[in-house]
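K.L.:
Have a look at this fold, sequence not included:
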């Protein structure tokens with residue numbers, strides 16, 4: 001009997017694994033927890049509909065798929081609300097069971113939120129065949145590993161249009177992102193209208209994007225919009241720090257008696273405006289001068305019927321003194337009895353386009369497989385500390401949508417291979433490894449959505465799991481960034497230089513970190529990167545024909561938070577990086593930003609490769625040699641505070657929309 005039971009358990013585990021792999025054959029994102037294909041299709045034409053919730057959403061879905069609803073039809077959609085789903089281990093309010101057969105679709109859930117999640121999955125299961133919509137037959141049992149799966153926009157520093165926020169919420173809710181954190185106030189501006197203190201919104205009290213703010217009517221509309229998309233809206237009024245706009249307006253510090261009186265009146269107005277359960281009060285990066293400030297403000301907001309969220313590190317709370325904490329730096333620690341949101345290492349404003357998404361996708365949330373009472377989930381943050389003057393670029397250069405799709409899958413599925421502490425931003429070179437195959441499959445599904453659902457959105461990512469390199473051990477350059485080493489003269493599998501041997505190792509990806517912007521905290525290609533060294537990376541690219549293509553290349557992805565200076569004309573960066581294609585040097589573009597004085601209010605230009613047209617280059621038919629010289633001096637310099645020792649190189653279509661098809665990247669020249 002024991003052997004039979006063990007055999008059944010073994011069979012079930014392998015069935016789930018096979019199902020997950022089979023699910024990779026379609027485009028589900030995030031992948032469901034349990035998926036069994038039925039190898040049939042539901043032909044959506046005329047259907048009967050029975051649902052106790054979300055009637056309009058179901059009708060919209062059927063109409064969107066070119067179907068019609070009729071009282072009598074051969075095919076049916078039936079929705080049932082149950083008291084529980086016993087097979088679901090956690091987060092039952094968003095869980096659902098979905099069965100799609102040839103003539104029937106049935107959905108079972110505990111709440112309308114679960115039904116909403118099933119609708120999003122059905123959207124992804126559908127495909128157009130001529131004029132018909134077919135929905136893949138399957139059985140799904142699904143639930144989120146974490147109950148908070150969200151993103152934050154810092155509009156206090158960098159205003160985003162109301163329509164842009166709605167667009168982000170709407171499209172990401174289709175991938176089961178369920179939280180929008182709205183950081184409304186900063187030193188630069190107070191972006192929420194106040195009827196009682198209209199001077200807060202006066203242009204004279206804003207130092208960036210003056211005069212731009214959201215009306216209370218828009219705030220109420222966005223709260224309703226979020227509810228429609230089953231998204232939790234968390235408004236943040238940062239206090240008592242990050243409050244220079246408040247002080248400019250009232251000439252009082254928030255922690256002063258006068259400041260607290262004003263702030264309480266503002267919070268009354270805000271709590272009345274937002275029909276939401278939580279208000280975020282910040283409390284980060286500030287010197288506390290009034291020990292009563294935070295307890296009083298928490299009590300005041302709670303008295304208005306709201307729960308309160310605070311940053312950690314921030315005010316030191318005892319159990320029960322705050323309702324939720326959001327961890328913002330590596331020093332942030334979850335506390336027993338207080339739900340925590342993990343935002344450590346989740347700052348998109350520091351991320352590059354290709355390397356960091358790998359670390360993000362592989363990362364476990366707070367190093368846990370799944371959520372709990374004390375671990376709520378994750379929020380990705382965009383902090384444009386520096387002015388980014390185009391809304392499009394705020395989304396594009398932060399690689400917002402690709403990164404959000406990565407965290408959508410990770411926060412729903414749970415698991416992950418590490419907590420930014422093993423391979424970090426580097427893909428394994430074993431292409432049969434589970435980590436590599438999982439990311440490759442995610443990339444395939446993500447790029448399908450780029451083509452089919454994100455047309456017209458800022459979405460710069462292209463395929464990189466086929467881009468292969470050899471990278472040398474780093475040669476000591478003694479601070480001479482122009483110093484020439486053996487790989488510049490002849491490529492080899494190993495080198496001898498000044499009596500020492502230097503090997504070559506493989507790497508995969510369009511963007512490779514040799515040292516991360518956060519130093520040794522995040523593992524990169526070199527385990528122990530050192531200053532004053534020069535590396536070389538090379539590959540050969542097979543092109544099936546002679547063709548003119550585009551090149552994305554960069555050697556210092558400029559984060560959106562530093563007031564770094566743009567490169568000098570004719571130079572790629574301040575490190576002396578160089579690139580050759582078929583032994584012809586490729587010079588950098590003409591930089592559009594030319595200022596020589598650091599200033600966070602002067603926007604950068606086309607330094608990041610995705611923020612400019614690709615460089616036109618020619619590929620010969622057959623093998624093309626690509627060689628990169630990658631020197632580095634100090635890891636901090638006057639011109640660039642946080643030096644990224646890295647490179648991005650990939651051939652794209654001339655418009656930059658896709659990777660060039662049919663290319664083979666192989667340092668060994670093997671097809």
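P.N.:
Done, it's in. On a predicted model such as this, the values are computed, not experimentally measured, just so you know. Numbering: from 1, shown residues only.

K.L.:
tell me which residues in stretch 612-628 are buried?
P.N.:
Buried residues in stretch 612-628, counted by 16 or more other Cβ atoms under 10 Å: 612, 614-615, 617, 619, 623-628. C-beta: built from backbone N, CA, C; applies to glycine.

K.L.:
ugh, typo on my part, it should be stretch 204-224
P.N.:
Buried, per 16+ other Cβ under 10 Å, within stretch 204-224: 205-209, 212-214, 216, 218-219, 222-223.

K.L.:
out of those residues, who's nearest residue 54?
P.N.:
residue 223 (18.6 Å; Cβ to Cβ).

K.L.:
That closest one touches residue 272, doesn't it?
P.N.:
No. Using Cβ atoms under 8 Å, residue 223 is not in contact with residue 272, being 11.8 Å away.

K.L.:
still on that earlier bit, hmm, which two among the buried residues of stretch 612-628 are most spread apart?
P.N.:
612 and 623, at 27.8 Å, using Cβ to Cβ across these.

K.L.:
could you give me the average pLDDT of stretch 150-158?
P.N.:
In this model, stretch 150-158 has a mean pLDDT of 98.

K.L.:
and it, how far apart are its ends?
P.N.:
19 Å (Cα to Cα, to the nearest Å).

K.L.:
For the stretch 51-200 of the chain, just list every one of the helices.
P.N.:
For the stretch 51-200 of the chain, the helices defined by DSSP state H, counting those that start in this stretch occupy 55-64, 112-125, 162-173.

K.L.:
between those helices, which gets nearest to residue 651?
P.N.:
Comparison of the helices of the stretch 51-200 of the chain against residue 651 by Cβ to Cβ identifies helix 162-173 as nearest, at 28.4 Å.

K.L.:
Can you give the distance from stretch 67-87 to the centre of its chain?
P.N.:
34 Å (Cα atoms, centre = their mean, to the nearest Å).

K.L.:
ditto for stretch 257-272
P.N.:
The chain centroid and the centroid of stretch 257-272 are separated by 34 Å under Cα atoms, centre = their mean.

K.L.:
What residues sit buried inside it?
P.N.:
Buried-residue list, stretch 257-272, by 16+ other Cβ under 10 Å: 259-260, 262-263, 266-267, 269-271.

K.L.:
Low-confidence bits of the stretch 451-600 of the chain, can you list those?
P.N.:
The stretch 451-600 of the chain contains no residues with pLDDT under 70.

K.L.:
hey, where'd the helices end up in it?
P.N.:
Under DSSP H, counting those that start in this stretch, the stretch 451-600 of the chain gives no helices.

K.L.:
hey, where'd the helices end up in the stretch 201-350 of the chain?
P.N.:
Applying DSSP H, counting those that start in this stretch to the stretch 201-350 of the chain gives helices spanning 216-228, 244-250, 257-273, 293-303.

K.L.:
which other helices and strands contact the first one?
P.N.:
Secondary structure elements in contact with helix 216-228, counted by 3 or more Cβ pairs under 8 Å, 6 or more residues apart in numbering; DSSP states H and E, are helix 162-173, strand 232-239, helix 257-273.

K.L.:
Can you check which of those gets nearest to residue 645?
P.N.:
Relative to residue 645, the nearest member of the helices and strands packed on helix 216-228 by Cβ to Cβ is helix 162-173, separated by 32.2 Å.

K.L.:
Go ahead and name everything in contact with the closest one.
P.N.:
120, 151, 153, 155, 180, 182, 214, 218, 222, 225-226, 229-231, 391, 395, 400-401, 404, 408, 453-454, 457 (Cβ atoms under 8 Å, 6 or more residues apart in numbering).

K.L.:
which residues does residue 343 contact?
P.N.:
152, 326-328, 332, 378-381.

K.L.:
how far away is it from residue 352?
P.N.:
The gap separating residue 343 from residue 352 is 19 Å, by Cβ to Cβ, to the nearest Å.

K.L.:
quick one on the thing from earlier: now, among the buried residues of stretch 204-224, which is nearest to residue 424?
P.N.:
Of these, the one sitting nearest to residue 424 (Cβ to Cβ) turns out to be residue 208, at 33.1 Å.
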